[in-house]
Structure formats: C-alpha cells, structure tokens
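Q: pasting a predicted model and its sequence here:
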Amino acid sequence: MEQKRTNRAKLFSPRYLVHDFIKATAAIPGLIWMRPRWIFETKAARKRIRGGALLIANHYGFFDPMYLMFAVWYRRHHFICGKEFFESRFRWLFKQFLCIPIDRANFNFNSLREITDELKKGSLVSIFPEGHINEDGDNLGAFKSGMVLIALQGRVPIVPVYVKPKAHFYNRVTFVIGEPIDLFARYGRRPSMSEIDAIAQELQQKEEELKQIAYQKRR
Amino acid sequence: MSRTEIIEKLKEILLAADDRNRDKVAACTEESRLVADLGFSSVSMLYMVIAIEEEMNIRFDNVGASDFQTLGDVVSYIEAKLK
C-alpha cells in the first residue's frame, strides 16, 4: 500500500532558523514592493499544497526563486541550482535556503537521489524546467524532461506556476497557480522515454495557458 | 551474471524504455557509444540508470552521466557492482 505522503518538516527547527528569519523579515518589504496578485487556474488549484510536490515555473530573472517563495508562501522551498553557486562565497546562504546543488555538465546520480529523497519526505521542491534564465523575454524556452523523471521517482504531483514579473516598478507581480498534475496516478508505472518527452511538452503547453491567463486578467 | 547476460538485460531495458530507436538498440554492442551511436540524452541516461537500479537491484553511487561513454562502460560498472 502506498505510504501517505505528508509534510513532516517541523514548524520550528534550528535547521530552518536562518531561512525562516530572513523570510519573515523580508515578507513585509516584499509584499509592499510586489503587491502580489494570485490567480488560480481552477478550484482544485486553490487548495493548499500539502506534502511532497514538485513546483515548476518560468525563469525570467535572478529573483524568480524569491517570487516563488511568495507565490507559495506557506511552504519552505527546496530549490535545485547549479553546483557553481555552491562554489561561490555565498555557499552558506544557498545552503540555508535549502538549495540542492546539481552538476549540469555531468549529472551525478546521487543528486537525483537527494532530490527524490526530499520529495519522499514530503518537501516542496521547486525547479525551473527551462534549465536557465530565459533571455527571450516573454517566450517560454523548451522544457527539459528531467523534471518529469524527478516527479515520477519522488511519486509526487507537479504544480505548474506562472510568474508574471513587473514591467514597471508600479506594476503588480502576478502569480498564476495551476492545478496539480499527478503523473504517478495517471500512469501507475514508469512511462517510456517518448511518453516522458510528451509529458514535458504538455507541461510547457500548460505553462503557456497559465501565461495567457496572467495576461488576460491584466488590469 | 556474465557480460553477455548483462548486455542482453540492458538491451531489454533499453527497448522497453524507448521504442523510437529499436533498430539501433537491437544491433548495439559493447563498443556502441551512448550519445553518438544510441542517441542518448542526459535524461535518457538517467532513465536507464533508474531502470537498471530497479531491475537489477544495484545502486549507482558517486558516478555521473558522462562517466559512461560506451555501453561497455555501463556493463563493466554493473559487473563490478554484482560481484
């Protein structure tokens, strides 16, 4: 029987002390600066994310991880980032912000295990499936299919989120939260590589739909 | 498990994983290069490792995708793990 996945992260823990302190301190200035607006794709998307989940989002700039922390503010995010960030002098900060380093040039299989272990523990892992900051303005880049494998291995749903950043300082930041997609429930087995590629394209299409929602509801 | 048995098992796993290049996989040998000859990407490499771990009950520790250049490298790694 499938074990029920729950978020076992403690509300207060020394591990999260710096993370939670910075997050709490930055909350009010962040809210004033962003004046965020949440749009939910469906009624199901409005439900809070409980337990393990893989959050995917578009990647426009360096501050996107911060935007995501506001988009799903009630959870701690584990971000997947390049190992080069862990080789900089800010290594300590990345560690405090629960980042999981990966070697993009030579992907180590232990990194995959580290990510899926976090998901199985009930954590929220956030990833930018374009793989890098998108320099092409509003157009989404091709999604890499690795995230599909990660979600399947972690047996967690994928939650698509679109972040519409500010065009001017007086604009609001819009978050469009999509309905969770449970691939494990859909397939019940490991899909083939061609199915995985098709799922990655489907998720990119979903992200496009969320983007349309964000732009339609512009004021 | 002999090297021939391992390579046969690998072929079985690869055929189940991806039906787009059946001919290439069916004809592959230990010398076949994973990227250049079999058209592997980093994701298909991951997929193969996951499938091998589940089917052969072994663990790929401290190795990266580019540590395996040919199918023979994968066979040698599995052989060493099964000993």
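A: Yes, it's here.
Q: how about the helix or strand of chain B with the lowest mean pLDDT: buried residues?
A: Counting by mean pLDDT, DSSP states H and E, chain B has its least confident helix or strand at helix B:22-26, which shows a mean of 83. Of all the residues in helix B:22-26, those buried under the rule 16 or more other Cβ atoms under 10 Å in any protein chain shown are residue B:25. Using the backbone N, CA and C atoms, a C-beta is placed for each residue, glycine as well.
Q: which elements pack onto that helix?
A: If contacts are counted by 3 or more Cβ pairs under 8 Å, 6 or more residues apart in numbering or on different chains; DSSP states H and E, helix B:22-26 sits against helix B:3-17.
Q: what residues does the helix it packs on touch?
A: Contacts with helix B:3-17, where a contact means Cβ atoms under 8 Å, 6 or more residues apart in numbering or on different chains, come from A:192-193, B:1, B:22, B:25-26, B:28-30, B:38, B:44, B:47-48, B:51-52, B:55-56, B:71, B:74-75, B:78-79, B:82.
Q: gap between residue A:42 and residue A:148?
A: Distance, residue A:42 to residue A:148, by Cβ to Cβ, to the nearest Å: 21 Å.
Q: have a look at those two and say which one is more surrounded.
A: Using other Cβ atoms under 10 Å in any protein chain shown as the criterion, residue A:42 and residue A:148 rank with residue A:148 on top: 27 against 10.
Q: contacting residues for that one?
A: Residue A:148 makes contacts with A:158, A:183, A:196, A:199-200, A:203, as judged by Cβ under 8 Å, 6+ apart.
Q: any idea how many residues pack against the closest residue to residue A:195 other than its chain neighbours?
A: Nearest residue to residue A:195, sequence neighbours excluded (Cβ to Cβ, 6 or more residues apart in numbering or on different chains): residue A:187, at 7.5 Å. By the criterion of other Cβ under 10 Å, residue A:187 has 14 neighbours.
Q: with residue A:200 instead?
A: 20.
Q: need the pLDDT of the most centrally placed residue in chain A.
A: Nearest to the mean C-alpha position of chain A, counting by Cα atoms, centre = their mean, stands residue A:126 at 2.6 Å. Looking at residue A:126, its pLDDT stands at 95.
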